[in-house]
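**Q** pasting the structure only:
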């Protein structure tokens, strides 16, 4: 399946999470989204200018496009995992881990803030809190990296031969 056929296949299946998607279908569609995003970023900077303080262009066009493509990218990835014989919800693991990481970081900040209010010398806790926080963040980022690499590996695996639990292979 080529670039154009992939886009013509994935866009009509905007929110179809059942079935299977071949490797070429998924990766050509990902390339389509990346190329259009880069183009819209450039167009946004040309049409809306750049912020003189930060030097960044407007991301309005790209943001709208990314929001519109979120569901079809998720659906295509879901079907791609089905094609390799894995459940589609595995695609949510990196996002769920990121959300859990944010909750744990905010909880850690809240706990150390509460502990600091109850001690005589709150500055004595800043060193241990910083070490604990930095160590936690590094461990979480390493785990996130491992999960992301695993997800890319799963999405790049060959299709399962014949029918699997998610249906017959794509015929394109």
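**A** Done, it's in. The shown structure was predicted, so the numbers you read here are calculated from the model rather than taken from an experiment.

**Q** how about low-confidence regions in this protein?
**A** Where the chain drops to pLDDT under 70, the residues are 172.

**Q** against which helices or strands is the helix or strand that contains residue 97 packed?
**A** Counting by DSSP states H and E, the element that carries residue 97 is helix 93-117. For helix 93-117, the elements it packs on are helix 126-155, judged by 3 or more Cβ pairs under 8 Å, 6 or more residues apart in numbering; DSSP states H and E. Placement of C-beta: from N, CA and C, glycine included.

**Q** same for the helix it packs on, what does it pack against?
**A** helix 23-48, helix 60-83, helix 93-117.

**Q** out of these, deepest packed?
**A** helix 60-83 (a mean of 19; mean count of other Cβ atoms under 10 Å).

**Q** related to what we said a few turns ago, indicate which one of the helices and strands packed on helix 126-155 is closest to residue 8.
**A** Counting by Cβ to Cβ, residue 8 lies closest to helix 23-48 out of the helices and strands packed on helix 126-155; the figure is 10.0 Å.

**Q** so how far is the closest one off the chain centroid?
**A** Relative to its chain's centre, helix 23-48 lies at 15 Å (Cα atoms, centre = their mean, to the nearest Å).

**Q** next one: the closest residue to residue 78 other than its chain neighbours relative to residue 125, how far apart?
**A** Closest residue to residue 78 apart from its sequence neighbours, by Cβ to Cβ, 6 or more residues apart in numbering: residue 88 at 3.4 Å. As for residue 88, its distance to residue 125 is 44 Å (criterion: Cβ to Cβ, to the nearest Å).

**Q** and for residue 6?
**A** Distance, residue 6 to residue 125, using Cβ to Cβ: 54 Å.

**Q** hmm, back to that, I figured the residue nearest to residue 78 was touching residue 81, is that so?
**A** Yes. If you go by Cβ atoms under 8 Å, residue 88 and residue 81 touch, sitting 5.0 Å apart.
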